[in-house]
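Participant: From the sequence below, what's the structure:
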Amino acid sequence: MANTALVVMDVQPSIMERYGNDNEQYLAAVQDTVQAARQANMPVIFVVVGFRPGFPEVSSNNRGFSTIRDRADEGMINPQPALPVEPNDIVVTKRRISAFAGSDLEVVLHGQGVDHMVLCGIATSGVVLSTVREAADKDYRLTVLSDLCLDGDEEVHRVLTEKVFPRQATVTTGEQWVASLTEGREA
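Facilitator: Below is the predicted model of the structure:
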């Protein structure tokens with residue numbers, strides 16, 4: 001467990017808004033998992049996507065982010081996690097889909113001695129997929145907390161968590177992972 005970090009990705013108000021108003025149960029489950037990681041003295045890293053005022057990082061060629069720029073989504077400027085951040089937590093801002101793209105996440109992971117990333121976040125087909133692929137290429141051990149990942153398409157979420165991610169990561173639930181921490185064995 002000493003080389004493991006919980007990485008909570010894109011769980012921020014401006015992204016949560018896209019998933020309707022029924023987010024309290026999801027946030028409570030993520031918060032419980034965050035608390036368990038903190039109690040295990042594990043680094044908790046919140047990754048948020050954000051840009052400078054005027055969105056100078058966003059090219060017109062980028063279909064997804066240029067839409068955010070064009071509607072001047074203020075929630076993407078100086079973003080904060082949707083959950084409370086404690087003093088020992090780390091907040092990393094990224095500029096693209098993968099948690100590594102345009103961020104100092106890898107520097108933080110190396111500085112913390114992390115070689116095992118436990119991932120959750122929004123969206124399964126976005127940040128989670130991109131980060132799993134890149135982290136696997138960087139030789140990190142990976143665990144994906146399937147029930148703590150959200151996607152707008154339930155079938156895409158199912159295919160990724162049941163068929164794609166298991167090729168590169170251990171896939172479990174937040175509750176099972178927390179239980180493994182309390183039992184002294186990490187999933």
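
Participant: what's the pLDDT at Gln35?
Facilitator: What the model reports for Gln35 is a pLDDT of 97.

Participant: Any idea how many residues pack against it?
Facilitator: Using other C-beta atoms under 10 Å, Gln35 has 14 neighbouring residues. All C-beta spots, glycine's among them, are computed from the backbone N, C-alpha and C.

Participant: tell me the contacts of it?
Facilitator: Shown in contact with Gln35 (C-beta atoms under 8 Å, 6 or more residues apart in numbering): no residues.

Participant: what helix or strand does it sit in?
Facilitator: Taking DSSP states H and E as the criterion, Gln35 maps to helix 24-39.

Participant: the strands in the chain, which residues?
Facilitator: Counting by DSSP state E, the chain has strands at residues 4-9, 44-49, 90-94, 116-122, 141-150, 170-172.

Participant: Just send the ones you listed back as a markdown table, with mean pLDDT and distance to Glu183 too.
Facilitator: Converted to a markdown table, the strands of the chain look like this (pLDDT from 0 to 100; distance: least, C-beta to C-beta, whole Å):
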| stretch | mean pLDDT | distance to Glu183 |
| --- | --- | --- |
| strand 4-9 | 98 | 15 |
| strand 44-49 | 97 | 20 |
| strand 90-94 | 97 | 26 |
| strand 116-122 | 98 | 16 |
| strand 141-150 | 97 | 15 |
| strand 170-172 | 98 | 13 |
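
Participant: possible to save these as a markdown table with mean neighbour count?
Facilitator: Formatted as a markdown table, the strands of the chain follow (neighbours: other C-beta atoms under 10 Å):
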| stretch | mean neighbour count |
| --- | --- |
| strand 4-9 | 26 |
| strand 44-49 | 24 |
| strand 90-94 | 19 |
| strand 116-122 | 25 |
| strand 141-150 | 23 |
| strand 170-172 | 19 |
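
Participant: how about CSV for those, with distance to Ser103 added?
Facilitator: As requested, those are exported to CSV (distance: least, C-beta to C-beta, whole Å):
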stretch, distance to Ser103
strand 4-9, 11
strand 44-49, 7
strand 90-94, 4
strand 116-122, 13
strand 141-150, 17
strand 170-172, 24
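
Participant: just the CA coordinates of stretch 121-132, formatted as PDB?
Facilitator: This file holds the C-alpha atoms of stretch 121-132, laid out as PDB (Å, rounded to 0.1, in the frame of the first residue of the first chain):
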ATOM      1  CA  GLY A 121     -13.800   9.500 -12.100                       C
ATOM      2  CA  ILE A 122     -15.900  11.000 -14.800                       C
ATOM      3  CA  ALA A 123     -16.100   9.800 -17.600                       C
ATOM      4  CA  THR A 124     -15.300   6.200 -18.000                       C
ATOM      5  CA  SER A 125     -14.900   6.700 -21.800                       C
ATOM      6  CA  GLY A 126     -12.900   9.900 -21.300                       C
ATOM      7  CA  VAL A 127     -10.400  10.500 -18.500                       C
ATOM      8  CA  VAL A 128     -10.500   7.000 -17.100                       C
ATOM      9  CA  LEU A 129      -9.900   5.300 -20.500                       C
ATOM     10  CA  SER A 130      -7.200   7.700 -21.500                       C
ATOM     11  CA  THR A 131      -5.400   7.500 -18.200                       C
ATOM     12  CA  VAL A 132      -5.600   3.700 -18.000                       C
END
